[in-house]
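>>> Predicted model and sequence below, questions to follow.
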Amino acid sequence: MAKPHIVVLGSNFAGLGAAQKIREYGKDAVDITVIDRKPYLLFVPNIGIEVLENRDPLYSMHMPLEPAMKEDDLHFIQGDVQSIDVESRTIEFLPTERLGSATAKLQYDYVVIAVGARLAYDQIEGFAEFGHTVSDTYYGNQLRRYLYSEYQGGPVAVGSARFHQGSRSHQYVPQAEAACEGPPVEVTLSIGRWLQTHNFGGPSNVTVFTPAEWIAEDAGMGIVKTLLGLAGKMGYHYVNKTYDIRRITQDGIEFVEGPSIEAELKIIFPDWVPHEFLQNLPISDDVGFVETDMTMRNPRYANVFACGDAAAVTVPKLGILAHMGAEVAARQICQDLGLMHIAPGEERMNPIVDCIGDMGHNEAFYISSNTWYGGDREIFRMGHIPFLLKLQYKDMFFRTKGKVPPWGLPAADFFAEMLGKEVGV
Ligand SMILES: Cc1cc2nc3c(=O)[nH]c(=O)nc-3n(C[C@H](O)[C@H](O)[C@H](O)COP(=O)(O)OP(=O)(O)OC[C@H]3O[C@@H](n4cnc5c(N)ncnc54)[C@H](O)[C@@H]3O)c2cc1C
């Protein structure tokens, strides 16, 4: 008899994690196909560190997928997913290794949608000419070249465009006005110190802005207020309630609400937009993120799962939530197939905002908080240990081909909490 066929769309943090966990729980009782348009995992969170250290992220932030696929007998297709028909359980994709391929089809018994989101720089007027960012190799290298050969020492502005979250997941997560504000906070702090080191002034040259009332409010209000107090003392400027970016010009950033910010260097994080092929599907919410409950299962199609940035309940859009959602989806599928029994308490995602952000000078901040989801945990630390853990986590991830041992994250949390410098919240 044919084995159940599980198709995983996307192979970055959420997709690769889901495929590996399904193999771990389902052993050889399932066939697993993974489709991604590129044959490597892009380790997004550490690109900024490479850029500021003048290292090309191409050499350090790409993890080839073939060894991971081989190790777990995952059938990998390098292809661009074009559509999903949830009635006929069919994926349509375009093989992308060479141009000119014909569209192909694939049948599934279960599908895990882990294709992330479009980072919509193309929706920001003036970004192509005047904007910079650190979310991929290309833009990271553009910024690296600018900093190391063109930057004149003028003001720097860092912040986010408005996020358009769907309206059908409010029983699980609150409404966010920015998709992911750990990165702008991290870049603000680290570039301020980069300016100092390179004799271009320091934090007082940097303004951080947010469309919301509070930047990174998902980290917990105690942490945010402490962080803003510290950043203010260091000299950083803070502008809130910008609502959205209207346009970027040579001279700065214009907003939908409030005065413009003058800046030579504009480092931007855009709206996280669902992929077009997910919009207007019976599995998607009103903007196009895939609807699930906290078991990562679609409420209308029981064989459709989503995790990571593509899932509507993943707010903020964060790597730790991609990791957690992948594991939960894998357990659910393998329990459905009678291949495992889920332990009590492990049926659903218990989300937490866990984040280690570079602050320059070999220091980082560590945040661990679940107040955004109604909990009472708010841990905030700073220092060299969190920075070391940020580097170590990436190394361990690559060394284990994405299979960080179960003690990896708790150990990072423990060491950051015990050995990081306590910051009063
Ligand atoms: C600058 C920056 C810094 C960040 N720092 C942190 C941090 O410090 N900590 C943290 O927890 N999070 C951080 N994040 C967020 C984190 O990177 C994301 O939450 C995480 O990458 C989500 O993983 P994912 O697998 O769901 O999506 P992605 O990482 O976006 O991966 C999606 C995958 O799907 C593939 N794909 C997309 N569309 C298709 C298609 N149509 N066909 C085939 N394949 C497709 C892509 O090629 C990609 O491999 C940061 C984000 C940014 C932008």
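Received the coordinates, thanks.

>>> Going by C-alpha atoms from here, please, whenever you check contacts or count neighbours.
Noted.

>>> Report pLDDT for residue 408.
The predicted structure scores residue 408 at 74 on the pLDDT scale.

>>> Count residues in the vicinity of residue 188, would you?
The local packing of residue 188 (other C-alpha atoms under 10 Å) involves 28 other residues.

>>> typo on my end, residue 382
Using other C-alpha under 10 Å, residue 382 has 23 neighbouring residues.

>>> mind checking pLDDT for it?
On pLDDT, residue 382 comes in at 93.

>>> Does the ligand have contacts with stretch 201-221?
No: Stretch 201-221 is not in contact with the ligand by C-alpha under 6 Å from any ligand atom; minimum separation 12.0 Å.

>>> Let me see the mean pLDDT of that stretch.
Averaged across stretch 201-221, pLDDT comes to 97.

>>> roughly how far is it from the heart of the chain?
If you compare the mean C-alpha spot of stretch 201-221 with that of the full chain, they lie 18 Å apart, counting by C-alpha atoms, centre = their mean, to the nearest Å.

>>> what's the answer for stretch 161-168, then?
In terms of C-alpha atoms, centre = their mean, the gap separating the centre of stretch 161-168 from the centre of its chain is 15 Å.

>>> Which residues does it contact?
175-179, 210-211, 243-245, 268-273, 285-289, 291, 312 (C-alpha atoms under 8 Å, 6 or more residues apart in numbering).

>>> So what would you say the end-to-end distance of that stretch is?
Counting by C-alpha to C-alpha, to the nearest Å, the length from the leading to the trailing residue of stretch 161-168 is 22 Å.

>>> for this protein, what's the longest helix?
Secondary structure of the chain read by DSSP state H shows that its longest helix is helix 319-336.

>>> re earlier: the contacts of stretch 161-168 in strands, which ones?
Residues of those located in strands (DSSP state E): 245, 268, 269, 272, 273.

>>> low-confidence ranges in the protein?
Per-residue confidence of the chain (counting by pLDDT under 70) places the weak regions at 424-425.

>>> Those residues of it touching the ligand, which are they?
10-15, 35-38, 44-45, 79-82, 114-117, 134-135, 183, 308-310, 317-320, 322, 355-357.

>>> Assess the claim that residue 111 and residue 4 are in contact.
No: using C-alpha atoms under 8 Å, residue 111 makes no contact with residue 4, being 11.0 Å away.

>>> Neighbour count: these two, which is higher?
Set side by side, residue 111 and residue 4 give different neighbour counts by other C-alpha under 10 Å, the larger being at residue 111 (26 against 14).

>>> Now do that one against residue 302, distance only.
The gap separating residue 111 from residue 302 is 10 Å, by C-alpha to C-alpha.

>>> what's the answer for residue 321, then?
If you measure residue 321 against residue 302 using C-alpha to C-alpha, the figure is 21 Å.

>>> of these two, who's got more company?
Comparing residue 321 with residue 302 by neighbour count (other C-alpha under 10 Å), the higher total belongs to residue 321, at 25 against 13.

>>> In contact with that one, which residues?
With C-alpha under 8 Å, 6+ apart as the criterion, the residues that contact residue 321 are 308, 314, 351, 352, 353.

>>> The first one: neighbour count?
Residues contacting residue 308 under the criterion other C-alpha under 10 Å number 32.

>>> same question, the last one
Residue 353 has 24 neighbouring residues, counting by other C-alpha under 10 Å.

>>> mind listing the strands for the stretch 101-250 of the chain?
Assignment of strands within the stretch 101-250 of the chain using DSSP state E, counting those that start in this stretch yields the ranges 104-107, 110-113, 118-119, 131-132, 156-160, 206-209, 237-239, 245-248.

>>> can you point me to the longest strand in this protein?
Ranking each strand of the chain by length (DSSP E) puts strand 75-85 first.

>>> So what are the sheet partners of that strand and their directions?
strand 31-36 (parallel), strand 90-95 (antiparallel) (DSSP bridges).

>>> Distance of the nearest residue to residue 85 once chain neighbours are set aside relative to the ligand?
Counting by C-alpha to C-alpha, 6 or more residues apart in numbering, the nearest residue to residue 85 once its immediate chain neighbours are dropped is residue 91, at 6.5 Å. According to C-alpha to the nearest ligand atom, to the nearest Å, residue 91 stands 10 Å off from the ligand.

>>> Neighbours of residue 91, how many?
The number of residues near residue 91, taken as other C-alpha under 10 Å, comes to 19.

>>> So residue 17 sits against residue 327, correct?
Yes: using C-alpha under 8 Å, residue 17 is in contact with residue 327, at 7.1 Å.

>>> returning to what we had before: tabulate the strands of the stretch 101-250 of the chain (TSV), appending distance to residue 166.
Listed next are those as TSV, based on distance: least, C-alpha to C-alpha, whole Å:
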stretch	distance to residue 166
strand 104-107	29
strand 110-113	17
strand 118-119	15
strand 131-132	27
strand 156-160	18
strand 206-209	23
strand 237-239	26
strand 245-248	20
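
>>> so which of those gets nearest residue 262?
Each of these was checked against residue 262 via C-alpha to C-alpha, and the shortest separation belongs to strand 156-160, namely 7.8 Å.

>>> now the one helix or strand residue 25 maps to against helix 319-336, angle please.
Per DSSP states H and E, residue 25 falls inside helix 13-26. Angular relation of helix 13-26 and helix 319-336 on a 0 to 180 degree scale: 30 degrees, by axes from the mean of the first three to the mean of the last three C-alpha atoms, to 10 degrees.

>>> Quick check: buried residues in helix 13-26?
Going by neighbour count (16 or more other C-alpha atoms under 10 Å), the buried part of helix 13-26 is 13-23, 25-26.
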